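Colleague: Coordinates for the following, if possible.
(chains A and B)
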There are 2 protein chains.
Amino acid sequence: MKKSMGPQTWLFPTPALVVATYDGDGRPNAMTAAWGGICCSRPPAVAVSLREATYSYGNIVRRKAFTVNIASADQAAAVDYFGMVSGRNEDKFRSAGLTPVRSRRVEAPMVEEFPLVLECRLMETVHIGLHTQFIGEILDVMVDESVLDDRGMPVMEALRPIMYAPGIQQYFGVGEPLGKAFSLGRR
Amino acid sequence: MKKSMGPQTWLFPTPALVVATYDGDGRPNAMTAAWGGICCSRPPAVAVSLREATYSYGNIVRRKAFTVNIASADQAAAVDYFGMVSGRNEDKFRSAGLTPVRSRRVEAPMVEEFPLVLECRLMETVHIGLHTQFIGEILDVMVDESVLDDRGMPVMEALRPIMYAPGIQQYFGVGEPLGKAFSLGRR
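Modeller: Below you'll find the model as predicted:
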């Protein structure tokens, strides 16, 4: 039996994306965004939604670039920290003890210690409401060799990405494999 | 050490969203979309990206409505099936043995057996490339009482949402709790 819970942003799983940018002075910043996901296969593109009040918002508008950094489960505290304070007041990379490395493709930093990074060129800006959606073309994906298999494919048990659960505001790891796509559904 | 893997749609976790619609004759259809996520808090909104070639695409354009259905881990085969065939040629609800129930709020069906459903009114259409993004305002969320706790909040261990891993094309369950957001990052 289903209950009406009202209009909620309850989507599961939701990612915990760390969006990294440079400000006008070239200072690196990083913030956590759970509102986002892949939005196109060709060109490969990712959408992240930010409030205009964030420091990162102005950085993306100015630089027309950002990176999306995927952390591993044991880096969840840093991910959460990046979502708690503003880069306007604090050098978040320094406070978190993480290293900003300049992307070779776009004017944005990458979180060196995180295993997977999407380097994005701002393609489109969609004003929705409290949040504005930035659509970035994925120009390259940088991945730690330690989370790739022999064929160069990401291994979930090594990458251990973080899932965010809206509503209950909790982080979870990845669980058991449930099966292969485009196969499991065949009868 | 990071390796450049080229432009890939590698974002983790990615959801396995079942988008349900009515066609022009009122026949229910459902398809699986991994390209999507929450995109705004106020109004609460969700984005799903579909190729124009899909049957659901025309349904959304016509009806200006869709639902986003979240399945539980043991329903992964149905989720995968919904992503494998077109509703143009097949009654997918019938083939999957699932029940379409009309939403009270929008002109779209819900998957009765899935534990959580977002009822969405089409707000905006963003043409990106191969995929077009439909942004839906979430008018209500219908949730099975069995996956809610005493306070009416979703319980991940009961809901057991499905994560999709692009690239390796595999489904995974939810794993261990990693901590509370807006708390874990405090030092």
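Colleague: what angle sits between the longest strand along chain A and strand B:131-144?
Modeller: The longest strand of chain A (DSSP state E) is strand A:131-144. Here strand A:131-144 runs at 100 degrees with respect to strand B:131-144, directions being taken by axes from the mean of the first three to the mean of the last three Cα atoms, to 10 degrees.
Colleague: tell me the phi and psi of A:Val79?
Modeller: Per-residue torsions, A:Val79: phi -60, psi -40 (degrees, to the nearest 10).
Colleague: Show me the helices in chain A, by range?
Modeller: A:55-63, A:76-82, A:92-96, A:156-159 (DSSP state H).
Colleague: Mean pLDDT added to these, as CSV?
Modeller: Formatted as CSV, the helices of chain A follow (pLDDT from 0 to 100):
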stretch, mean pLDDT
helix A:55-63, 98
helix A:76-82, 97
helix A:92-96, 95
helix A:156-159, 98
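Colleague: Which of those helices sits closest to chain B?
Modeller: helix A:76-82 (3.1 Å; Cβ to the nearest Cβ). Where C-beta positions appear, they are placed from N, C-alpha and C, glycine not excepted.
Colleague: Any idea how far the closest one is from the middle of the chain?
Modeller: On the basis of Cα atoms, centre = their mean, to the nearest Å, helix A:76-82 sits 12 Å off its chain's mean C-alpha point.
Colleague: Ok, stretch A:86-106 next?
Modeller: For stretch A:86-106, the distance to the chain centre is 14 Å (Cα atoms, centre = their mean).
Colleague: A:Thr21 pairs with what?
Modeller: Note on A:Thr21: beta-bridge partners A:Asn29, judged by DSSP bridges.
Colleague: State the number of residues packed around the nearest residue to A:Ala76 once chain neighbours are set aside.
Modeller: Excluding the flanking residues, the one nearest A:Ala76 by Cβ to Cβ, 6 or more residues apart in numbering or on different chains is B:Leu178, at 4.5 Å. As a burial measure, B:Leu178 scores 23 neighbours (other Cβ atoms under 10 Å in any protein chain shown).
Colleague: Check A:Val141 too.
Modeller: Using other Cβ under 10 Å: A:Val141 sits among 24 other residues.
Colleague: cool, A:Val155 as well?
Modeller: For A:Val155, the count of nearby residues is 13 (other Cβ under 10 Å).
Colleague: can you give me the strands in chain A?
Modeller: A:2-4, A:14-15, A:17-22, A:28-33, A:36-40, A:45-51, A:65-70, A:100-102, A:109-111, A:116-127, A:131-144, A:163-165, A:170-180.
Colleague: for the helices of chain A, which one ends up most surrounded?
Modeller: Mean neighbour count (mean count of other Cβ atoms under 10 Å in any protein chain shown) peaks for helix A:76-82 among these, with a mean of 24.
Colleague: which residues does the residue nearest to A:Glu124 when sequence neighbours are not counted contact?
Modeller: Excluding the flanking residues, the one nearest A:Glu124 by Cβ to Cβ, 6+ apart is A:Ile135, at 4.2 Å. Residues near A:Ile135 by Cβ atoms under 8 Å, 6 or more residues apart in numbering or on different chains: A:39-40, A:45-47, A:122-126, B:126, B:128, B:133.
Colleague: now A:Ile135: how far from B:Met123?
Modeller: Counting by Cβ to Cβ, to the nearest Å, the gap from A:Ile135 to B:Met123 is 16 Å.
Colleague: Where does the prediction get shaky in chain A?
Modeller: Flagging of chain A using pLDDT under 70 yields the residue ranges A:187.
Colleague: could you redo the last one with a cut-off of 90?
Modeller: For chain A, residues meeting the criterion pLDDT under 90 lie at A:85, A:87-89, A:186-187.
Colleague: Alright, I will stop here.
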